[in-house]
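Visitor: sequence unknown, structure follows:
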């Protein structure tokens with residue numbers, strides 16, 4: 001996954017937001033480039049998160065976890081569990097970005113406290129190697145979800161440890177007092193201009209899509225994004241259940 005980002009290859013993923021770890025096991029077996037486990041909007045515990053990560057790692061699928069907003073204690077716990085990448089939502093300034101990224105880096109590069117557990121298989125892995133390699137192996141993403149981040153983008157991009165910039169279109173539209181109006185000319189143009197600025201500076205750009213229809217995916221792909229995350233576990237359960245019910249009614253009940 002890190003090499004794909006480095007080489008600017010396109011990548012795709014899905015969300016896991018429910019608590020049943022079987023969802024992660026299935027998602028990992030399907031073949032996505034990565035799976036995004038969400039702890040910002042979900043209600044899963046850290047124990048549940050640990051089990052999601054174990055399930056995904058059993059399939060060899062990279063796992064990226066979105067941390068709660070402005071919660072460095074949560075960030076620390078996520079890192080100690082052992083993840084391939086971390087996402088920081090609602091970053092509004094270079095100051096916020098630098099603080100978040102510093103919390104993932106051991107001194108002298110940052111201020112991450114030491115205490116990995118599952119991340120080093122509880123001491124069965126070489127701790128020294130982990131300290132040495134985590135700076136370059138952990139993937140770090142920030143989300144562009146507010147107009148303030150766009151205004152401070154030149155300063156944000158100076159941080160050399162940010163591996164990708166992921167748009168959250170709904171919250172971004174909300175910062176322009178247009179919540180949910182993500183396909184309006186204004187929001188589309190803001191995103192296109194920002195994507196161009198990021199690409200012009202050699203940055204990797206993603207979109208956290210709230211939908212997974214062909215039309216929606218094409219919209220984001222046509223905007224030039226490198227990474228698309230689309231569809232959550234509950235989306236697939238809901239739509240699969242709806243389609244199954246429709247089939248049953250049509251075939252068995254004649255409706």
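Guide: Sure thing, it's come through. Given the structure is predicted, the values throughout are model-derived calculations rather than measurements.
Visitor: residues in contact with residue 111?
Guide: Listed by CB atoms under 8 Å, 6 or more residues apart in numbering, the contact partners of residue 111 are 102-103, 105. Yep, even glycine has a C-beta here, placed from its N, CA and C like the rest.
Visitor: Okay, strands next: where are they in the stretch 151-255 of the chain?
Guide: 164-167, 205-209, 227-232 (DSSP state E, counting those that start in this stretch).
Visitor: quick one: secondary structure of the nearest residue to residue 142 once chain neighbours are set aside?
Guide: Among residues not flanking residue 142 along the chain, residue 91 sits closest, at 4.3 Å (CB to CB, 6 or more residues apart in numbering). Using DSSP: H, G, I helix; E, B strand; the rest coil, the structure places residue 91 in coil.
Visitor: Was I right to think residue 91 contacts residue 100?
Guide: Yes: between residue 91 and residue 100 a contact is recorded at 6.6 Å, counting by CB atoms under 8 Å.
Visitor: ok, back up a step: give me the pLDDT for the residue nearest to residue 142.
Guide: Here the pLDDT value assigned to residue 91 is 98.
Visitor: Check the gap between it and residue 8 for me.
Guide: Distance, residue 91 to residue 8, using CB to CB, to the nearest Å: 22 Å.
Visitor: So between those two, which is more surrounded?
Guide: A count of neighbours by other CB atoms under 10 Å puts residue 91 above the other of residue 91 and residue 8, at 29 against 12.
Visitor: got the phi/psi numbers for the more buried one?
Guide: As for residue 91, its main-chain torsions (degrees, to the nearest 10) stand at phi -80, psi 130.
Visitor: ok, now how distant is it from residue 33?
Guide: Applying CB to CB, the value for residue 91 to residue 33 is 23 Å.
Visitor: go on, residue 157?
Guide: From residue 157 across to residue 33, the span is 24 Å (CB to CB).
Visitor: Provide the count of other residues in contact range of residue 214.
Guide: As a measure of burial, residue 214 has 7 neighbours, counting by other CB under 10 Å.
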